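Got a sequence here, can you build the structure:
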Amino acid sequence: MNKALFLDRDGVINVDHIDVYKKEDFDFVDGIFEICLSAQRLGYRIIVITNQSGVARGVYTRSDVQAIHEYMRSEFLKKGIVITDVYTCMSHDDSDMCRKPNPGLLLQACKDYSIDMQESIMVGDRERDIMAGRRAGCGKTILVSTEGVKEAASASTLADVVVGSIPEILNFL
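Purely as a prediction, here's the structure:
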């Protein structure tokens, strides 16, 4: 069995500028490469789990999503980090099992890569990410919140841990 570091994309890997689908708008969050490199060294598979409803809403296309994910993966690879896979839900329907907070994408990754969910971590910047991780059986869930709302988020979240920045995650790998 393998363990995974599941990462939401917008707000965790890249700055969430809303509907990011062009590489010129894809700004990596400070510390994301270091966290992923550390996780990879500890034996975690790096798997991205992302809702991209802009496709269903007609804002961008499936090809746009594929292109931005190829760019993202190539930038990680330049740092020696292998993204095992990227699972994307392009639906805007919250009843779709692949759309977070539903666990469909995580469960598919579990099946595809023989993931031990109890040994795995879900990192997200929204409660729907945390809920998906919990529903899939992740052993640990981490909510990334800004310092200004970290205490409020700690009081109202289902997450095991709330951090104010990506580099803080290193303490919980």
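
Contact partners for the closest residue to Cys110 other than its chain neighbours?
Leaving out its chain neighbours, the residue that sits closest to Cys110 by CB to CB, 6 or more residues apart in numbering is Met117, at 5.8 Å. Backbone N, C-alpha and C define where each C-beta goes, glycine included. For Met117, the contact set (CB atoms under 8 Å, 6 or more residues apart in numbering) comprises 106, 110, 136-139.

quick one, helices of the protein?
Per DSSP state H, the chain carries helices over the ranges 32-41, 62-78, 104-113, 127-136, 150-156.

Single out the most deeply packed of those.
helix 127-136 (a mean of 22; mean count of other CB atoms under 10 Å).

Of the helices of the chain, which is nearest Asn51?
Asn51 lies closest to helix 127-136 among those, at 7.8 Å (CB to CB).

Extract the residue ranges of this protein that are flagged as low pLDDT.
Along the chain, the model assigns pLDDT under 70 to residues 146-155.

Turn the helices of the chain into a markdown table, columns for distance to Gly164.
Formatted as a markdown table, the helices of the chain follow (distance: least, CB to CB, whole Å):
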| stretch | distance to Gly164 |
| --- | --- |
| helix 32-41 | 14 |
| helix 62-78 | 23 |
| helix 104-113 | 25 |
| helix 127-136 | 16 |
| helix 150-156 | 5 |
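
Show me the one of these that comes nearest Leu173.
Nearest to Leu173, of those and by CB to CB, is helix 32-41 at 5.5 Å.
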